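Student: this one's structure only:
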């Protein structure tokens, strides 16, 4: 089984409160440093559009997603004190998404099931 066949990606969007962008920018390298050691992480990074922050992240499996969220829990709490989670998408194979529906239910994500793609 290829990594792509079980990979799950998260797509969280945050709206930063007025005046809180410096605090949020200071948190981003902390998230990256903590994530860097996660074995199941495939990619991780942040992009900004004004006061909107997007995290591009992918994991080898649903278990990798859950391990990541446990790892960065304190940082996520800090982020949410400076910014609102405005949208969360979860993309992946149906079997992996099924493992996440209950643990992520409180975040009310939009679920996207992979249908087809190219793997290199």
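Tutor: Ah, there it is. Keep in mind the model is a prediction, meaning the values are calculated, not measured.
Student: Doesn't residue 85 belong to a strand?
Tutor: Yes - counting by DSSP: H, G, I helix; E, B strand; the rest coil, residue 85 is found in a strand.
Student: Next up, the contacts around it.
Tutor: 12-14, 107 (Cβ atoms under 8 Å, 6 or more residues apart in numbering). C-beta: built from backbone N, CA, C; applies to glycine.
Student: So which of these belong to strands?
Tutor: 12-14 (DSSP state E).
Student: how near is the closest residue to residue 78 other than its chain neighbours to residue 7?
Tutor: Of all residues not flanking residue 78 in the chain, residue 27 sits nearest, at 5.8 Å (Cβ to Cβ, 6 or more residues apart in numbering). From residue 27 over to residue 7 the distance is 26 Å, taken as Cβ to Cβ, to the nearest Å.
Student: ok, now residue 73?
Tutor: 22 Å.
Student: Between these two, point out the one with more neighbours.
Tutor: residue 7 (23 against 11; other Cβ atoms under 10 Å).
Student: Name the residues of the longest helix along the chain that come out as buried.
Tutor: Across the chain, the longest stretch assigned as helix under DSSP state H is helix 21-36. Buried residues in helix 21-36, defined by neighbour count with 16 or more other Cβ atoms under 10 Å: 21, 24, 27-28, 31, 34-35.
Student: ditto for stretch 100-109
Tutor: In stretch 100-109, counting by 16+ other Cβ under 10 Å, buried: 100, 104, 109.
Student: again with stretch 68-83
Tutor: Across stretch 68-83, burial judged by 16+ other Cβ under 10 Å covers 68, 71-72, 75-76, 78-79, 82-83.
Student: Do you have the strands of this protein handy? List them.
Tutor: Using DSSP E, strands in the chain cover 8-16, 41-49, 52-59, 83-92, 110-113.
Student: Any chance of CSV for those strands, columns distance to residue 119?
Tutor: Converted to CSV, the strands of the chain look like this (distance: least, Cβ to Cβ, whole Å):
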stretch, distance to residue 119
strand 8-16, 14
strand 41-49, 12
strand 52-59, 13
strand 83-92, 14
strand 110-113, 17
